[in-house]
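Student: here is a sequence with its predicted model. Questions after.
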Amino acid sequence: MSKVFGSGNTACALAVKDADVDFVAAYPITPQTAVAEKIAAYIAEGIMDANYLPVESEHSAASAIAAASAVGARVFTATASQGLLYMHEILHYAAGGRLPMVMANVNRAVNAPWCLYADHQDAVSQRDTGWIHIHTASNQEIYDSILLAFKVTEEVQIPVMVNYDGFLVSHSMMPFETLDENKIKEYLPPFNPSWRLHPQWGGTFGNVTYSEQYVPYRESLTRDVKKAGEVIVRCAKEYQELTGRWHGGYFDVYRLEDASFFLLSMGSMGKEMELAVDLLRKEGIPAAGLRLRVFCPFPKEELSVLLPDGAKLLVFDRNLVYGSAAGVLLQESRAALYERRDDLRITGISVGLGGEDLPAVLLADRARQMIQEVEK
Amino acid sequence: MQEIRIHGRGGQGVVTLGELLAKSAIKIGKEAQTLPFFGVERRGAAVKAAVRIDDVPIKVRSQSYKPDYLVLLNENLLEIALAGGKADHAAIIVNAEQPLAAEEKQWIVGATSIAIKNNQVVGGEPFVNVPMLGAICRVLGIPFAVLEETLGEQWSGSKLLPNIATAREAYDNVKEVEYKGGPQHG
């Protein structure tokens, strides 16, 4: 274990190095660029033993790692914003093909107009690709979640996207600890795929199907995505036993005691939200923070369990569902809690788009406005 | 929590200055975080970075609006820095030979002349970030031996010695001053 003071992108690249990845393909894009550069440097310096394919686009990066995964390699890529959108077709292919893959997505606004700053529109636009989405809020959580993502993806054979906010986390330097090689080996043994493409073994991949074959594939994918939530929580607990480090299961919860207002958010906003909860509690408002870590599969039952009778859920979305008042988290929450529609009050807003800054005072202010609304 | 907002120009090493300051704070047992703000990335553009130092892990994930210290790598950044907000009690630490025309408590250090004197000039640009780091550490009460250790992790051999020299000179010569009228700076 060594202590590092570095950026979120450094934490990500170090975790990829330490995870003993075999194959990386990436195309640099702000604010992910340092990840692509650092991994290339580790390989060039000989401190990481992997093949690096500098591709001409994100579509090719995703295609290349999907192919490498299909022959049994442990694979990684990283992107952001337009790069993730450009991968969209291959994201479906990878999840449908049940290919273990890990990607870091450095959350950034999507164009037009051109914008480089933090926003979750890129990630939530990939909600229905079949990928598992994890959202993080600190450099330590990035490092730990990348290792966790490899463990999860290789068990459930569904690709995993680890998200962190552009600049606010990717370029912010914080102290974090890496993990000793022997502990990593214990947590994440070498990848031993249950099947792989091999010239000496017959077989095809992704061949033409009729609905008789296609439907069972889709049914098994949706069933397994749902079950993957439990695997994530179990792997997080195993990681905690090994390292003492815990960032939450489905949620990172804050000050739940006697709470009646629950402030739900994702990413860096969720960490700052703890300070907003402190401000509200000082005024006597029984607020709690729920930072969602697992966006896909959306933890419907687990969200419901966290909310006592009569609870008010205030949702902060860093994305927008066009034509609606707020974003995807509000929609998902309302759908998840439909059975409790007479019991709970749920409202939400979109904030922080395009990197709009979200200091705790602003978050607390928005929470007060929403509280007025639900108390009407 | 102590918050320091550094203002400089693209190419002056603002991000590195923030990093080395935070690393020095960690060495004295503090928690620290840097949050640089990137606009258009080009030489000469005004850039800024926040450094936060605390006794507990830092949860802030937003920009700096009320820093306890404003650090100016050029005195002509005063207006920009003040417009960015500060705490009422904030002090200014500035690369200047004379006090700035500002009512805030000020610490001044001639970082440009220290860099030139020690041949720390590359491409016509004096390296003012390391002497400014020396000055900030002095103001914040971070021992010079700690700073020297940080510099030793960043540079080695012939690059290290002049950096230690400029940091030392600024550490020893930064002084608290008061603006008493006279020619305007900034």
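Tutor: Okay, I see it. Numbering: from 1, shown residues only, chains lettered A, B, ... in the order given.
Student: which residues touch the helix or strand residue A:278 falls within?
Tutor: Counting by DSSP states H and E, the element that carries residue A:278 is helix A:268-282. For helix A:268-282, contacts defined as C-beta atoms under 8 Å, 6 or more residues apart in numbering or on different chains pick out A:118, A:135, A:137-138, A:164-165, A:168-169, A:252, A:254-255, A:261, A:263, A:265, A:287-292, A:316, A:318, A:351-352, A:358-361, A:363-364, A:367-368, B:59-62. All C-beta spots, glycine's among them, are computed from the backbone N, C-alpha and C.
Student: ok, residue A:194 to chain B distance?
Tutor: Separation of residue A:194 from chain B (C-beta to the nearest C-beta, to the nearest Å): 40 Å.
Student: show me the shaky parts of chain B.
Tutor: In the predicted model, chain B carries pLDDT under 70 at residues B:40-41, B:182-186.
Student: remind me what the top helix by length along it packs against, helices and strands.
Tutor: Scanning chain B for the helix with the most residues, using DSSP state H, yields helix B:157-173. Judged by 3 or more C-beta pairs under 8 Å, 6 or more residues apart in numbering or on different chains; DSSP states H and E, the packing partners of helix B:157-173 are helix B:111-117, helix B:129-140, helix B:144-154.
Student: and the shortest one, what other elements does it pack with?
Tutor: I take that to be helix B:111-117. Helix B:111-117 sits against strand B:125-126, helix B:129-140, helix B:157-173, with contacts defined as 3+ C-beta pairs under 8 Å, 6+ apart.
Student: if we can go back for a sec, which SSE is immediately downstream of the longest helix of chain B?
Tutor: Following helix B:157-173 in sequence order, the next helix or strand is strand B:175-177 (DSSP H and E).
Student: name the surrounding residues that touch that following strand.
Tutor: B:99, B:105, B:106, B:107, B:108, B:109.
Student: quick check: the farthest pair among those?
Tutor: Pairwise distances across the contacts of strand B:175-177 peak at 14.5 Å for B:105 and B:109 (criterion: C-beta to C-beta).
Student: how about stretch B:165-180: buried residues?
Tutor: Going by neighbour count (16 or more other C-beta atoms under 10 Å in any protein chain shown), the buried part of stretch B:165-180 is B:165, B:166, B:167, B:168, B:169, B:170, B:171, B:173, B:174, B:179.
Student: give the contact list for the last one.
Tutor: Residue B:179 makes contact with B:99, B:100, B:101, B:102, B:103, B:106 under the criterion C-beta under 8 Å, 6+ apart.
Student: what do you get for residue A:285?
Tutor: Counting by C-beta under 8 Å, 6+ apart, residue A:285 touches A:261, A:367, A:368, A:371.
Student: that one is in what secondary structure piece?
Tutor: Assigned by DSSP H and E, residue A:285 falls within no helix or strand.
Student: isn't there a helix covering residue A:93?
Tutor: Yes - using DSSP: H, G, I helix; E, B strand; the rest coil, the assignment for residue A:93 is a helix.
Student: now do the closest residue to it other than its chain neighbours against chain B, distance only.
Tutor: The shortest distance from residue A:93 to any non-neighbouring residue, by C-beta to C-beta, 6 or more residues apart in numbering or on different chains, is to residue A:66 (6.3 Å). According to C-beta to the nearest C-beta, residue A:66 and chain B sit 32 Å apart.
Student: and for the nearest residue to residue B:140 once chain neighbours are set aside, the neighbour number?
Tutor: In space, and not counting its chain neighbours, residue B:140 is closest to residue B:2: 7.1 Å by C-beta to C-beta, 6+ apart. Other residues near residue B:2 number 15, with proximity taken as other C-beta atoms under 10 Å in any protein chain shown.
Student: which residues touch residue B:2?
Tutor: Residue B:2 is in contact with B:52, B:53, B:54, B:68, B:69, B:140, counting by C-beta under 8 Å, 6+ apart.
Student: rewinding a little: which of the contacts of residue B:179 has the most neighbours?
Tutor: residue B:99 leads those on contacts (other C-beta under 10 Å) with 22 neighbours.
Student: what strand or helix carries residue A:227?
Tutor: Using DSSP H and E, residue A:227 falls in helix A:211-243.
Student: and the helices in chain A?
Tutor: Along chain A, the stretches classed as helices by DSSP H are A:8-18, A:33-45, A:58-70, A:81-86, A:88-96, A:121-124, A:139-156, A:181-187, A:211-243, A:268-282, A:300-306, A:328-336, A:360-375.
Student: contacts for the third one, please.
Tutor: This points to helix A:58-70. Applying C-beta under 8 Å, 6+ apart, the contact partners of helix A:58-70 are A:22-27, A:29, A:51, A:53, A:55, A:75-77, A:79, A:82-84, A:86-87, A:89-91, A:93-94, A:97, A:99-101, A:103, A:196-197, A:205.
Student: and chain A, is stretch B:80-90 touching that?
Tutor: No - if you take C-beta under 8 Å from any C-beta of the partner chain as the test, stretch B:80-90 misses chain A, and the best it gets is 11.0 Å.
Student: can you show me the CA trace of that stretch as CSV?
Tutor: Once non-C-alpha atoms are left out, stretch B:80-90 reads as follows in CSV (Å, rounded to 0.1, in the frame of the first residue of the first chain):
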residue,chain,number,x,y,z
ILE,B,80,-9.6,39.5,-11.3
ALA,B,81,-8.8,37.9,-8.0
LEU,B,82,-10.9,40.3,-5.9
ALA,B,83,-13.8,39.9,-8.4
GLY,B,84,-13.6,36.1,-7.8
GLY,B,85,-14.6,36.7,-4.1
LYS,B,86,-12.8,36.2,-0.8
ALA,B,87,-13.5,35.9,2.9
ASP,B,88,-13.9,39.2,4.8
HIS,B,89,-10.7,38.5,6.7
ALA,B,90,-8.7,37.3,3.6
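Student: can you pull the buried residues of it?
Tutor: B:81, B:82, B:84, B:86, B:90.
Student: who in chain A is up against chain B?
Tutor: Contact residues (C-beta under 8 Å from any C-beta) of chain A with chain B: A:5, A:116, A:137, A:165, A:167-169, A:171-175, A:268-269, A:271-272, A:274-275, A:357-360.
Student: are any of these buried, and if so which?
Tutor: Buried by 16+ other C-beta under 10 Å: A:5, A:116, A:137, A:165, A:167-169, A:171-175, A:268-269, A:271-272, A:274-275, A:357-360, out of those.
Student: ok, the residue nearest to residue A:184 when sequence neighbours are not counted to chain B distance?
Tutor: Leaving aside its chain neighbours, residue A:184 sits nearest to residue A:18 (5.5 Å; criterion: C-beta to C-beta, 6+ apart). Distance, residue A:18 to chain B, by C-beta to the nearest C-beta: 21 Å.
Student: which ones are touching residue A:18?
Tutor: A:147, A:178, A:179, A:181, A:184 are the contacts of residue A:18 under C-beta under 8 Å, 6+ apart.
Student: which pLDDT value goes with the residue of chain A most remote from its centre?
Tutor: No residue in chain A sits farther from the centre than residue A:200, which is 36.8 Å out by C-alpha atoms, centre = their mean. pLDDT recorded at residue A:200 is 90.
Student: likewise residue A:372?
Tutor: If you check residue A:372, the pLDDT there is 97.
Student: count the neighbours of it for me.
Tutor: When neighbours are counted by other C-beta under 10 Å, residue A:372 registers 9.
Student: just residue A:255 next, same as before
Tutor: For residue A:255, using other C-beta under 10 Å, the count is 16.
Student: pick out the residue of the stretch 151-300 of chain A closest to chain B.
Tutor: residue A:268 (3.8 Å; C-beta to the nearest C-beta).
Student: which residues sit in contact with the nearest residue to that residue once chain neighbours are set aside?
Tutor: Among residues not flanking residue A:268 along the chain, residue B:61 sits closest, at 3.8 Å (C-beta to C-beta, 6+ apart). The neighbours of residue B:61, taking C-beta under 8 Å, 6+ apart as the test, are A:137, A:165, A:168, A:169, A:172, A:268, A:269, A:271, A:272, A:358, B:35.
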